[in-house]
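1. Can you look at this prediction? I've put the sequence above it.
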Amino acid sequence: VQLVESGGGMVQPGGSLRLSCAASGFTVSSHSMVWVRQAPGKGPEWVAGMNPGAGAVYYAESVKGRFTISRDNAKSTLYLQMLSLKPEDTALYYCARGWGLPPRSYWGQGTQVTVSS
């Protein structure tokens, strides 16, 4: 299982970013997939998740209406579209295979998102 995130960066409040998570060794459509974030000095926080198959999606209340999780089955890539970013969204963002907070061995290396004016 290998997951490689990309697309992070620094944006101003109100800005947007799209994170990507390229999977190898398995297909994202066959597994539950989640985005998790961890801010400095805080524990990991589940952000969004997508079920396998039909792909029902779920969001944390803190990002509902602003973030969208999606996937490209042909590319075996998971995405997180983030709009109306806030300073409190600043964190290292990870994709992971599984549900809730999966074991660390199923996480990627993370991509940094910084929201600051």
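-> Arrived safely, thanks for sending. Numbering: from 1, shown residues only.

2. Now do the strands in the protein.
-> Chain-ordered strands for the chain, with DSSP state E as the definition, fall at 2-6, 9-11, 17-24, 33-38, 45-50, 57-59, 67-72, 77-82, 91-97, 111-115.

3. Please name every helix or strand in contact with the third one.
-> Packed against strand 17-24, as judged by 3 or more CB pairs under 8 Å, 6 or more residues apart in numbering; DSSP states H and E, are the following elements: strand 2-6, strand 33-38, strand 77-82, strand 91-97, strand 111-115. For the C-beta atoms, the positions are set from N, CA and C on the backbone; glycine is no exception.

4. would you list those strands in CSV and tack on mean neighbour count, distance to residue 55 and mean pLDDT?
-> As requested, the helices and strands packed on strand 17-24 are arranged in CSV below (neighbours: other CB atoms under 10 Å; distance: least, CB to CB, whole Å; pLDDT from 0 to 100):
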stretch, mean neighbour count, distance to residue 55, mean pLDDT
strand 2-6, 17, 18, 97
strand 33-38, 23, 9, 98
strand 77-82, 22, 11, 98
strand 91-97, 24, 14, 97
strand 111-115, 18, 22, 98
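
5. Which of the ones you listed sits closest to residue 105?
-> The closest of the helices and strands packed on strand 17-24 to residue 105 is strand 91-97. By CB to CB, the value is 9.5 Å.

6. Would you mind getting the angle between that closest one and strand 17-24?
-> Using axes from the mean of the first three to the mean of the last three CA atoms, to 10 degrees, the interaxial angle of strand 91-97 with respect to strand 17-24 works out to 30 degrees.

7. switch to numbering from 22
-> Will do, 22 is the new start, and the previous item becomes strand 112-118.

8. can I have strand 112-118 written out in PDB, keeping just the CAs?
-> Listed in PDB are the C-alpha atoms of strand 112-118, where the atom choice follows Å, rounded to 0.1, in the frame of the first residue of the first chain:
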ATOM      1  CA  ALA A 112      -2.600  21.400   9.100                       C
ATOM      2  CA  LEU A 113      -0.700  18.500   7.600                       C
ATOM      3  CA  TYR A 114      -3.300  16.700   5.500                       C
ATOM      4  CA  TYR A 115      -3.100  12.900   5.000                       C
ATOM      5  CA  CYS A 116      -5.100  10.500   3.000                       C
ATOM      6  CA  ALA A 117      -5.500   7.000   4.400                       C
ATOM      7  CA  ARG A 118      -7.000   3.700   3.500                       C
END
